[in-house]
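Enquirer: What follows is a predicted structure for the sequence shown.
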Amino acid sequence: MKPIIKRIAKLYLGLFLYALGIVMTINANLGLAPWEVFHQGLSINTGITMGQASIYVGMVFVVLDSFLGERLGWGTLFNMIFIGLFMDILMLNHMIPVFQPVALRVVMMLLGMFTIGIASYFYISAALGSGPRDGLMVALTKRTTKSVRFLRNCIEFSVLAAGYVLGGSVGIGTVIMALTAGYFVQFTFKLFRFNVKETKHRFIDEDIKYLYERFFRNKEDKEAGK
């Protein structure tokens, strides 16, 4: 049980830090990251919170991932729910300060991106499945001849454009985050000496199979042996 508890703790820490990093970039007020532009646009037009928008979009992507044959992990489902939930807790309770001087806002944005990088290490190293949006990128990579970078850029440009049309906030920070987010994640992976290629994820279907073998198959075998 200890390894499982450790992995779940890493996952939740990663999801909380991810939400914290997102809120820091939002409160920097220099323009939002592509996905947050989309979430804000949905929030403006529907009256839901940005956290709720993140959850609903995640649900859509989980369905798409499943339809495209991607295996889901508990981390996929928890990512879908808890990042948005943590975002709302932080934002609605005004737990992250807002600064007026531009220099402090830039520092806030950069710290937010670094926090997202650290969060990525924790939730990915928990090895309980990728996030819904990453799952779609992986599925499309398998089904096309395009590179991961090309597909990621296409997806993010599409949601950025849609979010902008819906009224999401776009600024210089949007450009900076779009161009440098990958470098922050790569830096934190090196900092923790983490090789994502060596990560073996645990998926929900594996747990269902284990529970069936553990509790039902053994019972059936015992009854058959009587």
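Expert: Looks like it came in fine.
Enquirer: Buried residues in the helix or strand where residue 104 lies, which are they?
Expert: Element membership for residue 104 (DSSP states H and E) is helix 102-125. Buried positions in helix 102-125, judged by neighbour count with 16 or more other Cβ atoms under 10 Å: 105-106, 108-110, 112-125. (C-beta placed from N, C-alpha, C; glycine too.)
Enquirer: Now do the longest helix that the chain contains: distance to the chain's middle.
Expert: Identified as the longest helix of the chain according to DSSP state H is helix 2-27. Distance of helix 2-27 from its chain centroid, counting by Cα atoms, centre = their mean, to the nearest Å, is 10 Å.
Enquirer: Could you point out the helix or strand that follows it?
Expert: Next element after helix 2-27 (DSSP H and E): helix 34-46.
Enquirer: Give me the residues contacting that next one.
Expert: Under the criterion Cβ atoms under 8 Å, 6 or more residues apart in numbering, residues 22, 25-26, 31-32, 48-50, 52-54, 56-57, 133, 156-157, 159-160, 162-170, 174, 177-178 lie in contact with helix 34-46.
Enquirer: quick one on the thing from earlier: identify each buried residue in whichever helix or strand comes after the helix holding residue 104, please.
Expert: Note on helix 102-125: by DSSP H and E, the next helix or strand toward the C-terminus is helix 132-143. Neighbour-count burial for helix 132-143, counted by 16+ other Cβ under 10 Å, picks out 132-137, 139-141.
Enquirer: Can you give the contact residues for helix 132-143?
Expert: Residues contacting helix 132-143 (Cβ under 8 Å, 6+ apart): 35, 58-59, 61-62, 64-65, 68-70, 72, 76, 79-80, 129-130, 146-148, 151-152, 155.
Enquirer: Take the very next helix or strand once past that helix, keep the C-alpha atoms, and write them as CSV.
Expert: Sequence order places helix 148-165 as the next helix or strand after helix 132-143, per DSSP H and E. Only the C-alpha atoms of helix 148-165 are listed here, as CSV (Å, rounded to 0.1, in the frame of the first residue of the first chain):
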residue,chain,number,x,y,z
VAL,A,148,4.2,15.9,-31.2
ARG,A,149,5.5,19.5,-31.4
PHE,A,150,3.5,20.2,-34.6
LEU,A,151,0.2,18.7,-33.2
ARG,A,152,0.7,20.4,-29.8
ASN,A,153,1.2,23.8,-31.5
CYS,A,154,-1.9,23.2,-33.7
ILE,A,155,-4.1,22.3,-30.7
GLU,A,156,-2.9,25.2,-28.6
PHE,A,157,-3.2,27.7,-31.5
SER,A,158,-6.8,26.4,-32.2
VAL,A,159,-7.9,26.8,-28.6
LEU,A,160,-6.1,30.2,-28.3
ALA,A,161,-8.0,31.4,-31.4
ALA,A,162,-11.3,30.1,-30.1
GLY,A,163,-10.7,31.6,-26.7
TYR,A,164,-9.8,35.0,-28.2
VAL,A,165,-13.0,35.0,-30.3
